[in-house]
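J.: Need a 3D model of the following:
(one chain, ligands or ions: 2)
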Amino acid sequence: FSGEPKWDHMDLTYRVVNYSPDLDDASIDDAFSRAFGVWSGVSPVTFTNKQDGNVDILIQFVSRDHGDGSPFDGESGVLAHAYSPGRSPISGDAHFDEDELWTQGGGNGISLFIVAAHEFGHSLGLGHSSTQGALMYPTYAYQANLQLNPDDVAGIQYLY
Ligand SMILES: COc1ccc(S(=O)(=O)[C@H](CC(=O)O)C(F)F)cc1
Ligand SMILES: [Zn+2]
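T.: Ligands and ions are numbered 1, 2, ... in the order given. Here you go, the predicted structure:
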(Lines give C-alpha, C1' and ligand atoms only; values in the text may rest on other atoms or scores of the structure.)
(Ligands and ions follow the chains in the order given, each with its own letter.)
Protein backbone atom coordinates (compact mmCIF):
# COMPACT_ATOMS: atom_id res chain seq x y z
CA PHE A 1 0.00 0.00 0.00
CA SER A 2 1.46 3.29 -1.09
CA GLY A 3 2.51 5.71 1.58
CA GLU A 4 2.93 2.82 4.02
CA PRO A 5 -0.12 3.68 6.10
CA LYS A 6 0.16 2.29 9.56
CA TRP A 7 -1.78 2.70 12.79
CA ASP A 8 -0.74 5.56 15.07
CA HIS A 9 -1.54 3.39 18.09
CA MET A 10 -0.58 -0.19 18.96
CA ASP A 11 -3.55 -1.18 21.12
CA LEU A 12 -6.01 -2.00 18.36
CA THR A 13 -9.65 -2.90 18.95
CA TYR A 14 -12.01 -5.06 16.89
CA ARG A 15 -15.60 -6.27 16.78
CA VAL A 16 -17.28 -9.12 14.90
CA VAL A 17 -20.40 -7.47 13.46
CA ASN A 18 -22.09 -10.69 12.29
CA TYR A 19 -21.34 -14.41 12.13
CA SER A 20 -21.33 -16.99 9.34
CA PRO A 21 -23.67 -19.99 9.70
CA ASP A 22 -20.81 -22.21 8.47
CA LEU A 23 -19.20 -22.49 11.92
CA ASP A 24 -20.41 -21.96 15.49
CA ASP A 25 -19.79 -18.51 16.92
CA ALA A 26 -17.18 -19.72 19.41
CA SER A 27 -15.11 -21.29 16.62
CA ILE A 28 -15.34 -18.08 14.61
CA ASP A 29 -14.25 -15.98 17.59
CA ASP A 30 -11.39 -18.42 18.17
CA ALA A 31 -10.26 -18.33 14.53
CA PHE A 32 -10.13 -14.53 14.60
CA SER A 33 -8.36 -14.47 17.97
CA ARG A 34 -5.69 -16.90 16.74
CA ALA A 35 -5.36 -14.93 13.47
CA PHE A 36 -4.71 -11.72 15.44
CA GLY A 37 -2.25 -13.69 17.59
CA VAL A 38 -0.16 -14.51 14.51
CA TRP A 39 0.72 -10.83 14.18
CA SER A 40 0.78 -9.79 17.84
CA GLY A 41 3.26 -12.62 18.41
CA VAL A 42 5.86 -10.90 16.22
CA SER A 43 5.08 -7.21 16.81
CA PRO A 44 4.20 -4.77 19.63
CA VAL A 45 0.60 -4.58 18.35
CA THR A 46 -2.22 -5.87 20.60
CA PHE A 47 -5.82 -6.67 19.64
CA THR A 48 -8.75 -6.34 22.03
CA ASN A 49 -12.33 -7.42 21.33
CA LYS A 50 -14.67 -4.53 22.18
CA GLN A 51 -18.44 -5.03 22.12
CA ASP A 52 -19.46 -1.37 22.07
CA GLY A 53 -18.24 2.03 20.93
CA ASN A 54 -15.79 2.75 18.14
CA VAL A 55 -13.30 0.07 17.15
CA ASP A 56 -10.40 0.07 14.69
CA ILE A 57 -11.27 -3.17 12.88
CA LEU A 58 -14.87 -4.12 12.07
CA ILE A 59 -15.26 -7.72 10.85
CA GLN A 60 -18.25 -8.77 8.73
CA PHE A 61 -19.44 -11.75 6.71
CA VAL A 62 -21.11 -10.33 3.59
CA SER A 63 -21.86 -11.40 0.01
CA ARG A 64 -22.04 -9.74 -3.40
CA ASP A 65 -22.67 -5.99 -3.18
CA HIS A 66 -22.21 -4.92 0.42
CA GLY A 67 -21.93 -1.17 0.12
CA ASP A 68 -18.18 -0.55 -0.13
CA GLY A 69 -17.87 -0.43 -3.93
CA SER A 70 -16.08 -3.80 -3.99
CA PRO A 71 -18.78 -6.45 -4.32
CA PHE A 72 -17.91 -10.10 -3.70
CA ASP A 73 -18.23 -12.64 -6.50
CA GLY A 74 -20.04 -15.69 -5.14
CA GLU A 75 -18.31 -18.92 -4.24
CA SER A 76 -14.47 -19.09 -4.83
CA GLY A 77 -12.59 -16.29 -6.57
CA VAL A 78 -12.26 -13.44 -4.10
CA LEU A 79 -12.52 -14.93 -0.61
CA ALA A 80 -12.22 -11.76 1.49
CA HIS A 81 -10.74 -8.28 1.50
CA ALA A 82 -9.50 -5.82 4.11
CA TYR A 83 -8.73 -2.11 4.24
CA SER A 84 -5.37 -0.63 5.24
CA PRO A 85 -4.90 1.59 8.30
CA GLY A 86 -6.19 5.14 8.23
CA ARG A 87 -8.69 7.57 9.64
CA SER A 88 -11.68 6.71 7.50
CA PRO A 89 -14.46 4.58 9.05
CA ILE A 90 -13.65 1.64 6.75
CA SER A 91 -9.91 1.73 7.50
CA GLY A 92 -8.74 -1.61 8.88
CA ASP A 93 -12.10 -3.33 8.31
CA ALA A 94 -12.15 -6.94 7.07
CA HIS A 95 -14.96 -8.46 5.00
CA PHE A 96 -15.34 -12.20 4.44
CA ASP A 97 -17.35 -13.57 1.50
CA GLU A 98 -20.32 -15.43 2.96
CA ASP A 99 -20.65 -17.41 -0.28
CA GLU A 100 -17.50 -19.36 0.67
CA LEU A 101 -17.74 -22.45 2.89
CA TRP A 102 -15.76 -21.34 5.95
CA THR A 103 -14.13 -24.24 7.82
CA GLN A 104 -11.69 -24.93 10.62
CA GLY A 105 -9.20 -26.25 8.08
CA GLY A 106 -8.62 -29.47 6.25
CA GLY A 107 -11.22 -31.04 4.00
CA ASN A 108 -13.18 -28.93 1.58
CA GLY A 109 -14.00 -25.33 2.28
CA ILE A 110 -11.70 -22.41 3.14
CA SER A 111 -9.80 -22.06 6.40
CA LEU A 112 -11.23 -19.00 8.17
CA PHE A 113 -8.09 -18.80 10.34
CA ILE A 114 -5.66 -18.64 7.40
CA VAL A 115 -7.72 -16.15 5.40
CA ALA A 116 -8.27 -14.00 8.50
CA ALA A 117 -4.55 -13.98 9.31
CA HIS A 118 -3.85 -12.76 5.76
CA GLU A 119 -6.60 -10.13 5.87
CA PHE A 120 -5.46 -8.81 9.25
CA GLY A 121 -2.02 -8.38 7.66
CA HIS A 122 -3.70 -5.97 5.26
CA SER A 123 -5.59 -4.34 8.17
CA LEU A 124 -2.16 -3.64 9.68
CA GLY A 125 -0.83 -2.10 6.46
CA LEU A 126 0.92 -5.02 4.80
CA GLY A 127 0.69 -5.47 1.05
CA HIS A 128 1.33 -8.71 -0.81
CA SER A 129 4.52 -10.71 -0.66
CA SER A 130 6.29 -12.06 -3.75
CA THR A 131 7.63 -14.92 -1.62
CA GLN A 132 5.78 -18.14 -2.44
CA GLY A 133 4.67 -19.69 0.84
CA ALA A 134 4.45 -16.39 2.69
CA LEU A 135 1.15 -15.72 4.45
CA MET A 136 0.91 -12.44 2.52
CA TYR A 137 1.39 -14.18 -0.83
CA PRO A 138 -1.64 -13.25 -2.93
CA THR A 139 -3.16 -16.72 -3.36
CA TYR A 140 -4.83 -18.94 -0.77
CA ALA A 141 -3.10 -22.19 0.18
CA TYR A 142 -4.15 -24.34 3.11
CA GLN A 143 -1.43 -25.25 5.60
CA ALA A 144 -2.18 -27.36 8.67
CA ASN A 145 0.22 -25.47 10.93
CA LEU A 146 0.46 -21.85 9.84
CA GLN A 147 4.07 -20.68 9.90
CA LEU A 148 4.88 -17.04 9.15
CA ASN A 149 7.54 -16.68 6.48
CA PRO A 150 10.55 -14.47 7.33
CA ASP A 151 9.20 -12.08 4.70
CA ASP A 152 5.93 -11.72 6.65
CA VAL A 153 7.86 -11.05 9.86
CA ALA A 154 10.17 -8.56 8.13
CA GLY A 155 7.13 -6.75 6.76
CA ILE A 156 5.34 -6.32 10.08
CA GLN A 157 8.51 -5.46 11.98
CA TYR A 158 9.36 -2.86 9.34
CA LEU A 159 6.01 -1.17 9.96
CA TYR A 160 5.81 -1.53 13.73
C1 LIG B 1 -3.90 -16.49 2.38
O2 LIG B 1 -5.00 -15.64 2.54
C3 LIG B 1 -5.66 -15.17 1.45
C4 LIG B 1 -5.17 -15.35 0.16
C5 LIG B 1 -5.92 -14.86 -0.92
C6 LIG B 1 -7.12 -14.19 -0.69
S7 LIG B 1 -8.07 -13.68 -2.01
O8 LIG B 1 -7.89 -14.62 -3.10
O9 LIG B 1 -9.43 -13.44 -1.57
C10 LIG B 1 -7.41 -12.14 -2.53
C11 LIG B 1 -7.87 -11.03 -1.60
C12 LIG B 1 -6.71 -10.57 -0.71
O13 LIG B 1 -5.57 -10.61 -1.19
O14 LIG B 1 -6.94 -10.22 0.46
C15 LIG B 1 -7.86 -11.89 -3.93
F16 LIG B 1 -7.29 -10.78 -4.39
F17 LIG B 1 -9.16 -11.76 -3.99
C18 LIG B 1 -7.58 -14.01 0.60
C19 LIG B 1 -6.85 -14.49 1.67
ZN1 LIG C 1 -4.26 -10.11 0.19
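J.: Excluding chain neighbours, give the residue nearest to Gly105 in space.
T.: In space, Gly105 comes closest to Ser111 once its chain neighbours are excluded; the distance is 4.3 Å by CB to CB, 6 or more residues apart in numbering. Where you see a C-beta, it was placed from the backbone N, CA and C, and this is true even at glycine.
J.: How about the one you found: which residues does it bridge to?
T.: Going by DSSP bridges, Ser111 is paired in beta bridges with Thr103.
J.: Quick check: it vs ligand 1, distance?
T.: 9 Å (CB to the nearest ligand atom, to the nearest Å).
J.: Isn't that residue up against Asn145?
T.: No - counting by CB atoms under 8 Å, Ser111 does not reach Asn145; the two are 11.5 Å apart.
J.: And these two? Which one has more around it.
T.: For Ser111 against Asn145, the residue with the higher neighbour count under other CB atoms under 10 Å is Ser111, and the figures read 23 against 5.
J.: Now for that one: which residues touch it?
T.: Residues in contact with Ser111, defined by CB atoms under 8 Å, 6 or more residues apart in numbering, are 103-105, 142.
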